[in-house]
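[1] Sequence and computational prediction follow.
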2 protein chains.
Amino acid sequence: MRIPKHIGVIPDGNRRWAKSNGLNKEQGYGYGLDPGLRLLREAMKFGIEEITYYGFTVDNCKRPKEQFEAFSAACVAAVKIIANENVSLLVIGDTSSACFPKELLQYTKCDRSNLKEGQIKVNFLVNYGWEWDLKNGVKSKEISRMNMIIRWGGMCRLSGFLPIQSVYADLYIIKNLWPDFKEDQFDDAIAWYQEQDVTLGG
Amino acid sequence: MRIPKHIGVIPDGNRRWAKSNGLNKEQGYGYGLDPGLRLLREAMKFGIEEITYYGFTVDNCKRPKEQFEAFSAACVAAVKIIANENVSLLVIGDTSSACFPKELLQYTKCDRSNLKEGQIKVNFLVNYGWEWDLKNGVKSKEISRMNMIIRWGGMCRLSGFLPIQSVYADLYIIKNLWPDFKEDQFDDAIAWYQEQDVTLGG
């Protein structure tokens, strides 16, 4: 079986999910925590070496205050949950801005020279910006190239997700909204990946 | 109607088309010329302001010699055909390498300060490389951000296509191979674009 080494995850659709479930938009983010953990465990079953979650961006910070507070809190909680797993965890984003949650500063330094048995590398983008990334000499250079990107919520776009690491990635779109994550969707993505040929532009 | 200002075109599948039509792989490229012109004319009907064709890349030059010669010749022919239309034409790529066709040097300077009535901007990437682009301080900075990218040949990936200009683009995948281009496919892409909401990360 051809296993992608590094998978990017765009967990989109939390607000639409909230609305369609009679909640306020900002109440959707909390329902993305459990999916994030379940996806990680599913990925570890397959022996995936690296996962990158698209948390929130500097652009997202322009959203209404109640939404910003909600997705920021959800990302802090997600990182803390993931930190308890057998992971080598790195949080990447613009730490110089007030939008960067201070609680996550401790995860922005990560030595990957000595990975422990069975550990998976997890990158979590928090207050990330593609312009910030490029302007600062590719801040995300510790992140390897992605083989596949899985996006929930139906949109077929990158939305500024790691432009360098995504150049050759296969993009797999799942119509379901992120809080409706099922392990089957991830398994289907891996099955689909089998059919893609890797040319790296050659 | 919501018309994308700038559309990127990834004309993939020439070699597969050749094989399935009993030809040698390199014989497929010539069958991409007529589609390129027809797409341009269809785009002009919709009032699209800018089109960027993904010609060939520095990575593509590693392919067997007969293929390189064939796609290089096809790109030269395509540019010359397009130059006869009502276009403001710019060829972009690494002109310092031997793989860049000398016949196209004349198209690498293009003054867009005085667009003529009804002119469409056309960018044609020839011996382009995303690493070259980024290393040289974004050589493609004259190219605006793309609203939509249409890719023929079924793959859902960017393959190094203008990483900066593609950050917020909606990607529309057509299973048909590029030589099987039909105007309807382009029209369907525009119809699909109507359903995508533009957030620019906000």
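    Received it, and whenever you're ready, just let me know what you need. Since this is a predicted model, take the numbers as computed values, not measurements.
[2] Please make it C-alpha for all contacts and neighbour counts, starting now.
    OK.
[3] Run through who's touching the lowest-mean-pLDDT helix or strand in chain A.
    In chain A, no helix or strand scores lower on mean pLDDT, DSSP states H and E than helix A:130-135, which sits at a mean of 92. Residues outside helix A:130-135 that contact it (Cα atoms under 8 Å, 6 or more residues apart in numbering or on different chains): A:94, A:139-140, A:160-163.
[4] Closest one of those to chain B?
    When these are ranked by distance to chain B (Cα to the nearest Cα), A:G160 comes first, at 4.5 Å.
[5] Excluding residues flanking it in the chain, which one is nearest the closest one?
    By the measure of Cα to Cα, 6 or more residues apart in numbering or on different chains, the closest residue to A:G160 outside its immediate chain neighbours is B:V167, 4.5 Å from it.
[6] Let me see the contact set for A:Y54.
    Each residue near A:Y54 by Cα under 8 Å, 6+ apart is listed here: A:8-11, A:124-126, A:161.
[7] Does it fall in a helix, a strand, or a coil region?
    What DSSP: H, G, I helix; E, B strand; the rest coil gives for A:Y54 is strand.
[8] Bridged to it, which residues?
    A:L125 (DSSP bridges).
[9] What separation do you get for it and A:Y172?
    Here A:Y54 is placed at a distance of 15 Å from A:Y172 (Cα to Cα, to the nearest Å).
[10] With A:F181 instead?
    Here the distance between A:F181 and A:Y172 works out to 14 Å (Cα to Cα).
[11] My read is that A:H6 contacts A:R145, right?
    Yes: here A:H6 lies in contact with A:R145, judged by Cα atoms under 8 Å, at a distance of 7.1 Å.
[12] And the two? Which one has more around it.
    A:H6 (24 against 20; other Cα atoms under 10 Å in any protein chain shown).
[13] Quick check: nearest residue in space to that one, chain neighbours excluded?
    A:E50 (4.5 Å).
[14] Just list the residues touching the most centrally placed residue in chain A, thanks.
    Geometric centre of chain A, nearest residue: A:Y53, 1.1 Å, by Cα atoms, centre = their mean. Neighbour list for A:Y53: A:8-11, A:122-125 [criterion: Cα under 8 Å, 6+ apart].
[15] Identify those among the residues you listed that sit within strands.
    Within these, residues falling in strands by DSSP state E are A:8-11, A:122-125.
[16] List the residue ranges of chain A that fall below the pLDDT cut-off.
    A:137-139, A:200-202 (pLDDT under 70).
[17] what about the strands in it?
    Going by DSSP E, chain A shows strands at A:6-11, A:50-57, A:87-92, A:120-128, A:148-152, A:170-174.
[18] for the third one, packing partners?
    Secondary structure elements in contact with strand A:87-92, counted by 3 or more Cα pairs under 8 Å, 6 or more residues apart in numbering or on different chains; DSSP states H and E, are strand A:120-128.
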